[in-house]
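> Quick one, structure for this:
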Amino acid sequence: MGRTIYIQAMYDLDTLFSRLARSSFRSRFRLNTKDEAYLRERGIETVLVHAADFVGKRLAPAAPKNDGKQTPMRGHPVFIAQHATATCCRGCLSKWHAIPPGQELSAQQQTYVVGVIEHWLRSKYGPSQ
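Numbering: from 1, shown residues only. Predicted coordinates for the structure are as follows:
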């Protein structure tokens, strides 16, 4: 059985995902065939390691490089999940997750962001990915 990231939620996940589902922009994101294959072949645990790395490098700094444009729209399952869950930039983290901009993300906040990504991936593509 794989490791699951337990979330100390910045937001209740049911409330968050209910809000995200009402956004036509956020709810349109799906993994393409290549991203699904990557998730299946590498496994959720490896993809979550990638997510933690992306979050740590691209979102965690107080003033991320190219903020608002640092997360590509394709190329990795985590990128798609980030756009679907509004964890793609500091502006979205502020608006959707009440994580204020201008300060480095704490370890707890980084764990929360990766947990939100994990929840989306598992809910859309199965717990055994």
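> Residue 104 and residue 95, how far apart?
When distance is defined by Cβ to Cβ, to the nearest Å, residue 104 is 19 Å away from residue 95. Glycine gets a C-beta too; all of them are placed from N, C-alpha and C.
> in the chain, which ranges drop under the pLDDT threshold?
The chain contains residues with pLDDT under 70 at 1-11, 127-129.
> 80 - rerun?
Across the chain, residues meeting the criterion (pLDDT under 80) sit at 1-11, 68, 126-129.
> pull the longest helix from it.
Of all the segments of type helix in the chain, defined by DSSP state H, the longest one is helix 107-125.
> tell me what it is packed against?
helix 13-21, helix 33-42, helix 44-54, helix 77-84, helix 90-97 (3 or more Cβ pairs under 8 Å, 6 or more residues apart in numbering; DSSP states H and E).
> What residues of that helix count as buried?
Neighbour counts using 16 or more other Cβ atoms under 10 Å place 109-121, 124-125 of helix 107-125 among the buried residues.
> Please identify which of the residues you listed is nearest to residue 62.
Minimum distance to residue 62 across the buried residues of helix 107-125 is 12.0 Å, recorded for residue 109 (Cβ to Cβ).
> of all the helices and strands packed on helix 107-125, which lies closest to residue 27?
Smallest distance to residue 27 across the helices and strands packed on helix 107-125 (Cβ to Cβ): 5.5 Å, for helix 13-21.
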